[in-house]
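Asker: A structural model of the following input is requested.
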Amino acid sequence: MARAALWRVDPSEEGSPRLAHLDRDRRLVEAAQADPARFEALYRKYLAQVYSYAFYELRDHHEAEDATERTFLAALANLGRFEERARPADGEGASTFRVWLFQIARNAVAERRRGMRRRREAPLDAAMQIAAPTDVEADAARRAEATAALRAVDRLPSDRRRALILRFVDEMSTAEIAGVLGRSEGAVRVLIHRALRSVARDLDDQDR
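Answerer: All right, here's what the predicted structure looks like:
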């Protein structure tokens with residue numbers, strides 16, 4: 001009986017209604033829509049992911065914190081207009097709320113980037129704290145390799161860089177990334193494939 005709550009009828013195909021997965025965050029969203037004070041559960045669940053995304057994009061802790069704060073404030077203010085759009089192809093673990101939240105985060109990051117007066121290249125040592133948390137005894141060679149990789153990612157075109165971060169830092173599915181970037185899943189796969197090839201080629205050129 002509990003499992004039945006995970007499904008609903010999808011009337012999108014005329015004459016042949018079918019079962020579709022419900023958003024995994026549906027209960028949390030509905031609770032927050034009924035009582036804004038309960039938005040805290042969604043905030044706690046996605047705070048680290050949104051901040052990590054913002055930091056990788058902005059490479060500045062203060063700017064990332066500001067973008068994260070703006071993201072959740074905007075999400076709370078507009079939660080009443082959020083519409084669940086789960087599809088059968090998204091799978092049982094899908095969250096259209098997370099896609100919606102990251103669309104807001106993408107806009108917040110773009111706004112912060114436009115307003116930044118400092119150079120975009122923040123100290124890479126700070127990035128290392130999130131990108132590759134290692135033992136303090138990690139040798140210089142390993143740190144140099146991680147730094148080179150971060151710089152290679154920074155040199156990617158924005159959509160490729162963003163797709164790579166969402167896939168490997170925030171561990172989003174191709175379908176979720178497509179929703180965030182407003183692209184097809186096929187286009188996202190191409191972005192990630194090309195991004196990985198570019199990074200590998202960049203690192204290979206540095207080794208020569």
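Asker: pull out the buried positions in the longest helix belonging to the chain.
Answerer: If you go by DSSP state H, the chain has its longest helix at helix 185-207. Buried positions in helix 185-207, judged by neighbour count with 16 or more other Cβ atoms under 10 Å: 187, 188, 189, 191, 192, 194, 195, 198, 199, 202. For every residue, glycine as well, the C-beta is placed using N, CA and C.
Asker: quick one: which of the residues you listed is nearest to residue 79?
Answerer: Residue 79 lies nearest to residue 188 out of the buried residues of helix 185-207, by Cβ to Cβ, at 26.3 Å.
Asker: name the nearest residue to residue 51, sequence neighbours excluded.
Answerer: Counting by Cβ to Cβ, 6 or more residues apart in numbering, residue 51 lies nearest to residue 68, which is 4.6 Å off, once chain neighbours are set aside.
Asker: show me the shaky parts of this protein.
Answerer: Within the chain, the ranges that satisfy pLDDT under 70 run 1-22, 86-94, 117-146, 207-208.
Asker: where exactly do the helices run in it?
Answerer: Secondary structure of the chain (DSSP H): helices at 26-34, 40-58, 61-78, 96-115, 124-131, 140-154, 158-168, 174-181, 185-207.
Asker: could the ones you listed be laid out in JSON lines, adding distance to residue 84?
Answerer: Shown next, in JSON lines, are the helices of the chain (distance: least, Cβ to Cβ, whole Å):
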{"stretch": "helix 26-34", "distance to residue 84": "6"}
{"stretch": "helix 40-58", "distance to residue 84": "14"}
{"stretch": "helix 61-78", "distance to residue 84": "14"}
{"stretch": "helix 96-115", "distance to residue 84": "6"}
{"stretch": "helix 124-131", "distance to residue 84": "31"}
{"stretch": "helix 140-154", "distance to residue 84": "33"}
{"stretch": "helix 158-168", "distance to residue 84": "21"}
{"stretch": "helix 174-181", "distance to residue 84": "12"}
{"stretch": "helix 185-207", "distance to residue 84": "19"}
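Asker: among those, which is nearest residue 85?
Answerer: The minimum distance between residue 85 and the helices of the chain falls on helix 96-115, with 4.9 Å, by Cβ to Cβ.
Asker: who are the packing partners of the closest one?
Answerer: Where contact means 3 or more Cβ pairs under 8 Å, 6 or more residues apart in numbering; DSSP states H and E, helix 96-115 is packed against helix 26-34, helix 40-58, helix 61-78, helix 174-181.
Asker: for that helix, buried residues please.
Answerer: By neighbour count, with 16+ other Cβ under 10 Å as the criterion, the buried positions of helix 96-115 are 96-106, 108-109, 112.
Asker: who's in contact with it?
Answerer: The contact list for helix 96-115 (Cβ atoms under 8 Å, 6 or more residues apart in numbering) reads 23, 25-26, 28-29, 42, 46, 49-50, 53-54, 57-58, 63, 66-68, 70-71, 74-75, 78, 82, 84-86, 90, 120, 162, 166, 170, 172, 176, 179-181.
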